[in-house]
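K.L.:
how would this look folded up:
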Amino acid sequence: MTEQELEWNKNEDHFKLLLSKLNKELDKIKLGGGQKKLDALASQGKLSARQRIQKLIDPDSEILELSEFAGYELYEEHGGCPCGGVVVVIAKVSKRWCVIIANDATVKAGAWFPITAKKNLRAQEIALENRIPLIYLVDSAGVYLPMQDEIFPDKEHFGRMFRNNAILSSKGIPQIAAIMGACVAGGAYLPIMSDEALIVEKTGSIFLAGPYLVKAAIGEETDNETLGGAKTHCEISGVTDYKEASDETCLQTIRNLVDKFGSPQNAGFDKVESIEPKFSSADILTRFPAGNLKPYSIKSILECIVDDSTLVEYKQDYGKTILCGYARIKGWAVGIVANDRKVHKSGKGEMQMGGVIYSDSADKAARFIMNCNQKKIPLVFVQDVTGFMVGTRSEHGGIIKDGAKMVNAVSNSTVPKFTIIIGNSYGAGNYAMCGKAYDPRLILAWPTAKIAVMGGQQAAKVLTQIQVSSLKSKGKEPNEQEEKELFDMINQRYEKQTSAYYAASRLWVDAIIDPRETRNKIALGIEIANQSPIDDFSVGVIQT
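P.N.:
Now for the predicted structure:
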């Protein structure tokens with residue numbers, strides 16, 4: 001076996017360990033509040049959130065689940081909140097792409113934690129950007145009261161969802177809500193602000209105040225059914241539109257309603273017959289270095305993703321630490337902006353570190369992004385970036401100006417942007433390469449992704465120096481061993497905070513994916529985005 005083959009095997013083994021951990025964690029998350037609570041739900045004649053989704057969508061539909069790791073290792077003092085207490089998928093219903101939001105009643109009775117609100121708002125944002133219908137499967141006890149101060153009043157809190165209901169409706173984006181369990185207090189506005197509302201008999205109920213609160217407020221004795229059950233709202237109040245005998249019939253009625261929707265407009269992104277890459281997607285696992293500790297060619301990764309493994313590189317011999325090029329992914333035309341981790345020699349003969357954005361790379365990327373917008377070609381950003389180059393030479397060369405030019409182009413881009421974080425995503429490099437703050441239609445991470453203001457080692461050194469200086473100023477100068485222990489403690493904490501799981505739990509990324517699925521996920525994103533016409537492109541003031 002050659003040295004190269006040994007290296008490939010080492011890389012593959014490392015990646016498979018990471019993917020094994022990923023799949024184990026996903027299996028736990030998909031149990032929601034646990035098997036006992038799933039069994040209790042079934043005893044009430046109710047389907048689980050995931051069962052409801054499975055029966056709603058087309059049997060042959062591709063499924064993109066979003067934010068599975070929302071709430072991961074958060075709220076542990078409250079018993080945890082797996083999957084953020086809500087399941088969100090994009091899939092086809094009656095041959096039409098839809099965003100489906102299903103409360104998981106096994107997690108604190110479907111109550112809303114802060115991360116639940118954030119996840120719901122992200123789902124609505126995706127529906128709005130791509131102009132695809134929204135289906136809400138409601139089964140929630142409302143706001144999780146012990147954390148009400150973190151979910152109730154602010155712009156990105158609970159109330160923003162109802163504002164979004166109204167905005168989506170005004171844009172002509174269909175919304176259907178099914179009340180399949182509890183729907184309480186302010187949460188009652190969500191289904192009724194949707195275009196049509198269904199309610200399941202005996203298990204569905206909707207009211208602004210439940211029986212206990214009604215008793216406390218006005219002394220009236222009542223029960224769930226009388227106050228806000230299916231009979232009340234379909235025969236007396238007229239609040240809901242369809243009364244359904246069971247979860248199954250409710251889901252079938254939704255399918256029948258979606259089946260009548262008019263055809264979406266088309267953005268006109270170019271697509272031809274797909275050609276498989278010359279290299280297997282499994283080869284990605286061998287080509288990405290274990291621990292991301294060695295230089296590698298990003299082109300060797302892209303060859304496993306793009307059609308026929310063919311790229312037309314833009315300014316191939318200029319700004320080499322960013323690869324820009326045109327390609328196709330499952331037939332869809334794309335423009336790719338990817339950090340290259342190889343060490344390069346610039347046109348001036350200077351050595352350039354891989355993964356760092358230099359002035360020439362930023363200038364090239366900005367021009368390429370503007371070209372893709374002019375031609376209505378979706379953009380794919382592949383991040384493995386340690387940031388912009390620093391130092392006297394870079395500052396004198398105008399690195400801030402060139403970086404600003406790239407950020408401006410990304411910010412004003414109107415074609416759909418898709419971001420894949422495969423390695424480092426540090427500092428302003430995250431921004432320039434279309435991080436979450438720059439509105440990618442989807443932002444996905446490999447298990448190897450690391451997101452932070454800087455690398456763990458560098459940050460730990462800086463923070464250690466600051467703490468040592470602080471101790472010295474108080475006359476408590478640490479010895480070498482104490483300083484090392486301080487560094488290790490800070491480094492360990494920082495490494496955890498940069499992980500893909502930490503990012504996904506806070507929705508900095510939409511999902512952690514198996515690298516072998518990258519090609520499929522990008523193509524699916526573009527197919528969904530193609531249903532939303534785009535605005536004309538223009539930029540503000542750019543210094544040249």
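K.L.:
state the distance from the nearest residue to S538 once chain neighbours are set aside to F388.
P.N.:
Nearest-residue entry for S538: N412, 6.7 Å, with adjacent residues in sequence omitted and distances by Cβ to Cβ, 6 or more residues apart in numbering. All C-beta spots, glycine's among them, are computed from the backbone N, C-alpha and C. N412 is 20 Å from F388, where distance means Cβ to Cβ, to the nearest Å.
K.L.:
could you list the low-pLDDT ranges of the stretch 201-350 of the chain?
P.N.:
In the prediction, the stretch 201-350 of the chain carries no residues with pLDDT under 70.
K.L.:
my guess is E65 is in a strand, correct?
P.N.:
Yes: using DSSP: H, G, I helix; E, B strand; the rest coil, the assignment for E65 is a strand.
K.L.:
hmm, it is touching V88, no?
P.N.:
Yes: here E65 reaches V88: they are 7.0 Å apart, a contact under Cβ atoms under 8 Å.
K.L.:
which one's more surrounded, these two?
P.N.:
Each of E65 and V88 has its neighbours counted (other Cβ atoms under 10 Å); V88 has more, 25 against 18.
K.L.:
circling back: N412 and F388: who's more crowded?
P.N.:
Counted by other Cβ under 10 Å, N412 and F388 do not tie: F388 has more neighbours, with 23 against 15.
K.L.:
bridged to that one, which residues?
P.N.:
For F388, the beta-bridge partners under DSSP bridges are I357.
K.L.:
then F207?
P.N.:
Beta-bridge partners for F207, by DSSP bridges, are V184.
K.L.:
settle this for me: it is touching V184, isn't it.
P.N.:
Yes: under the criterion of Cβ under 8 Å, F207 is in contact with V184, at a separation of 6.8 Å.
K.L.:
all strands in the stretch 401-544 of the chain, in order from the N-terminus.
P.N.:
For the stretch 401-544 of the chain, the strands defined by DSSP state E, counting those that start in this stretch cover 417-426, 442-445, 450-452, 511-512.
K.L.:
elements contacting the first one?
P.N.:
Where contact means 3 or more Cβ pairs under 8 Å, 6 or more residues apart in numbering; DSSP states H and E, strand 417-426 is packed against strand 379-385, strand 442-445, strand 450-452, helix 518-529.
K.L.:
lowest-confidence stretch among the ones you listed?
P.N.:
Among those, strand 450-452 has the lowest mean pLDDT, at a mean of 93.
K.L.:
quick one: contacts of it?
P.N.:
If you take Cβ atoms under 8 Å, 6 or more residues apart in numbering as the criterion, strand 450-452 is touched by 292, 421, 423-426, 430, 435, 445, 456, 459, 494, 497-500, 502-503, 508-509.
K.L.:
also stretch 470-487?
P.N.:
Applying Cβ under 8 Å, 6+ apart, the external contacts of stretch 470-487 come out as A460, K461, T464, Q467, V468.
K.L.:
stretch 365-377 now?
P.N.:
Around stretch 365-377, the neighbours that count as contacts under Cβ under 8 Å, 6+ apart are 267-270, 314-315, 319, 322, 324, 326, 333-335, 337, 357, 378-379, 402, 405-406, 408-410, 412-415, 432, 534, 537, 539, 542.
K.L.:
and for K330, the neighbour number?
P.N.:
By other Cβ under 10 Å, neighbour count at K330 equals 20.
K.L.:
residue contacts, it?
P.N.:
S274, D307, R519, N520, I522, A523.
K.L.:
pretty sure the fifth one is touching K417, no?
P.N.:
No: counting by Cβ under 8 Å, K417 is not a contact partner of I522; they are 11.1 Å apart.
K.L.:
that older thread, which of the contacts of stretch 365-377 are buried?
P.N.:
Neighbour-count burial (16 or more other Cβ atoms under 10 Å) applied to the contacts of stretch 365-377 gives 267, 269, 314-315, 319, 322, 324, 326, 333-335, 337, 357, 378-379, 402, 405-406, 408-410, 413, 415, 432, 534, 537.
K.L.:
which residues of the stretch 151-300 of the chain fall in helices?
P.N.:
For the stretch 151-300 of the chain, the helices defined by DSSP state H, counting those that start in this stretch cover 160-170, 189-192, 211-218, 224-228, 230-231, 247-258, 283-287, 298-302.
K.L.:
so which bits of the second one are buried?
P.N.:
Just to be clear, that refers to helix 189-192. So, applying 16+ other Cβ under 10 Å, buried residues of helix 189-192: Y189, L190, P191, I192.
K.L.:
is the first one in contact with N164, as I believe?
P.N.:
No: assessed by Cβ under 8 Å, Y189 is found out of contact with N164, at 11.3 Å.
K.L.:
hang on, the earlier thing: can you redo the strands of the stretch 401-544 of the chain as CSV with distance to M370 and mean neighbour count?
P.N.:
Shown next, in CSV, are the strands of the stretch 401-544 of the chain (distance: least, Cβ to Cβ, whole Å; neighbours: other Cβ atoms under 10 Å):
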stretch, distance to M370, mean neighbour count
strand 417-426, 13, 26
strand 442-445, 21, 26
strand 450-452, 26, 22
strand 511-512, 29, 22
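K.L.:
tell me which of those strands lies nearest to I29.
P.N.:
The minimum distance between I29 and these falls on strand 511-512, with 11.1 Å, by Cβ to Cβ.
K.L.:
centre of the chain to the closest one, how far?
P.N.:
From the chain centre to the centre of strand 511-512 is a distance of 7 Å (Cα atoms, centre = their mean, to the nearest Å).
K.L.:
one more: stretch 342-351?
P.N.:
35 Å.
K.L.:
kindly report the same for stretch 127-144.
P.N.:
The gap between where stretch 127-144 is centred and where its chain is centred comes out at 16 Å by Cα atoms, centre = their mean.
K.L.:
if you average pLDDT over it, what comes out?
P.N.:
Over the span of stretch 127-144, the pLDDT mean works out to 94.
K.L.:
wait, a strand at Q316?
P.N.:
No: going by three-state DSSP, the assignment for Q316 is coil, not a strand.
K.L.:
tell me, how many residues neighbour it?
P.N.:
Quick note: Q316 (other Cβ under 10 Å) scores 13 neighbours.
K.L.:
how much space between it and L379?
P.N.:
To L379, Q316 is 18 Å away according to Cβ to Cβ.
K.L.:
what does G32 give?
P.N.:
For G32, the distance to L379 equals 36 Å [Cβ to Cβ].
K.L.:
with F537 instead?
P.N.:
11 Å.
K.L.:
now do the shared contacts for these two.
P.N.:
Counting by Cβ under 8 Å, 6+ apart, the contacts common to F537 and L379 are S413, V415.
K.L.:
contacts only, for the residue lying closest to Q531 once chain neighbours are set aside.
P.N.:
Nearest non-adjacent residue to Q531, counting by Cβ to Cβ, 6+ apart: P264, 4.1 Å away. P264 makes contacts with R96, R131, I132, Q531, S532, as judged by Cβ under 8 Å, 6+ apart.
K.L.:
go ahead and confirm K521 touches L444.
P.N.:
Yes: using Cβ under 8 Å, K521 makes contact with L444 at a distance of 5.9 Å.
K.L.:
list residues touching both of the two?
P.N.:
Joint contacts of K521 and L444 (Cβ under 8 Å, 6+ apart) are A511, I513.
K.L.:
can you check the pLDDT for G540?
P.N.:
At G540, the model reports a pLDDT of 67.
K.L.:
I'd like to know how far the most far-flung residue of the chain relative to its centre sits from F487.
P.N.:
In the chain, G475 marks the outermost C-alpha relative to the chain mean, sitting 47.4 Å out by Cα atoms, centre = their mean. Separation of G475 from F487 (Cβ to Cβ): 21 Å.
K.L.:
equivalent analysis for K36, please.
P.N.:
Distance of K36 to F487, computed by Cβ to Cβ: 44 Å.
K.L.:
do T249 as well
P.N.:
62 Å.
K.L.:
and the next element down the chain from the lengthiest helix in the chain?
P.N.:
The helix that spans the most residues within the chain, counting by DSSP state H, is helix 3-29. Next along the chain after helix 3-29, taking DSSP states H and E as the criterion, comes helix 35-43.
K.L.:
show me what counts as buried in that next one.
P.N.:
Buried positions in helix 35-43, judged by neighbour count with 16+ other Cβ under 10 Å: K37, L38, L41.
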